[in-house]
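>>> coords below, sequence missing:
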C-alpha cells in the first residue's frame, strides 16, 4: 500500500518537473540564441529562420504545459471529492456508533431482518462499517484487489461476516452506480461465494439433531425393559436371601 501511494504521488511530481523544464527552455531560448549570434561566423538570417521553425515547437510545449495544468486540476478535483466523501462517511460512522452504544437508537434506522434480535442488529451495523471502510479505501485507490481479497477471506471465515453479506449483498449490488463501486461489490461477493463453497464458518454453532418420535418410543421401551429386568433381579435376590436364612435356622423362623 505504501508503494502504491509513493508511485501515485511521484507521478504528478515528475510531470510537473517536466513541464517546468519545458517552460524554462522556451523562456531562455532567446538568450541562448543571442549568445550564439554574438559569436563570429553565425548568420543572423539563418538564426531567424531557425527561430521561425522553433515557433511550432513552442506551440507544442505550450500545449503540453496546458495538459499539465489540466491534469493537476483533475487530481485536485479527485482529492477534493475523496475528502468530501470521507467527511460524510465519518459523520455516518458517528451516527452508527451512537446507535451501537445505545440500542434504543437503532430502531431509528429501521428493521434489519430479525429486528427483535438487538445483539445481531448491532453486529450487522458494525460489519457494515467494516465493509464501508474497505470501499472508501478502494474508491480512493489505496486498496488493491489482492489486498481486498485477503480482507474478505478473513471476514467470511466467521459466521457474522457471512450472515451480514447474505443480507446486504442484494441491496448493495442494486445501490451501486459507478463502475468502480460495482467492481468492489463483485470482488467481495466472489470471495463470499468461495467461502460458502469451502464449508461452514469456523465459529458457526453446530446443530444437534433432535430425536424423532420413533427414537423416543424405542428409548422408552428400552427403559421399561431395563426396569423390568431390575425388578426381577431384585426379587430373585430377595428370595435367595430368605431361603438362605430359612436353611440356616433349621427350616423355621425364630419368633
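Thanks, I have the structure now. All figures in this text were calculated on a predicted structure; none of them were measured in a lab. Residues are numbered from 1 along each chain as shown.

>>> now for the lengthiest helix in the chain, which elements pack on it?
As far as residue count goes, and with DSSP state H defining each element, the longest helix of the chain is helix 44-101. For helix 44-101, the contact count by 3 or more C-beta pairs under 8 Å, 6 or more residues apart in numbering; DSSP states H and E identifies helix 2-38, helix 118-139 as packing neighbours. Bear in mind the C-beta positions are built from the backbone N, C-alpha and C, glycine included.

>>> any idea which of those helices scores lowest on pLDDT?
Of all the helices and strands packed on helix 44-101, the segment with the smallest mean pLDDT is helix 2-38, scoring a mean of 62.

>>> burial measure for residue 128, as a count.
Residue neighbour count, defined by other C-beta atoms under 10 Å, stands at 18 for residue 128.

>>> one more: residue 177?
Applying other C-beta under 10 Å, we find 7 residues neighbouring residue 177.

>>> could you check how far it is from residue 100?
28 Å (C-beta to C-beta, to the nearest Å).

>>> quick one: contacts of the strand or helix carrying residue 190?
Element membership of residue 190 [criterion: DSSP states H and E] is helix 179-198. Counting contacts by C-beta atoms under 8 Å, 6 or more residues apart in numbering, the residues outside helix 179-198 that touch it are 131, 134-135, 138-139, 145, 148-149, 152-153, 156-157, 162, 165, 169, 172-173, 176, 201.

>>> same thing but at 10 Å, please
With C-beta atoms under 10 Å, 6 or more residues apart in numbering as the test, helix 179-198 has contacts from 131, 134-135, 137-139, 141, 143, 145-146, 148-158, 161-162, 164-166, 168-169, 172-176, 178, 201.

>>> just stretch 132-144 next, same as before
1-2, 4-5, 8, 78-79, 81-83, 85-86, 89-90, 92-93, 96, 145, 147-148, 150-152, 155, 172, 176, 178, 180-181, 183-185, 187-188.

>>> which members of those are classed as buried?
Applying a neighbour-count criterion of 16 or more other C-beta atoms under 10 Å, the buried members of the contacts of stretch 132-144 are 96, 148, 151-152, 155, 172, 176, 181, 184-185, 187-188.

>>> farthest-apart pair in those residues, please.
96 and 187 (23.6 Å; C-beta to C-beta).

>>> how close does residue 145 get to residue 173?
With distances defined as C-beta to C-beta, the gap from residue 145 to residue 173 amounts to 18 Å.

>>> run a quick neighbour tally on the closest residue to residue 96 other than its chain neighbours.
The shortest distance from residue 96 to any non-neighbouring residue, by C-beta to C-beta, 6 or more residues apart in numbering, is to residue 125 (5.3 Å). Applying other C-beta under 10 Å, we find 17 other residues in the vicinity of residue 125.
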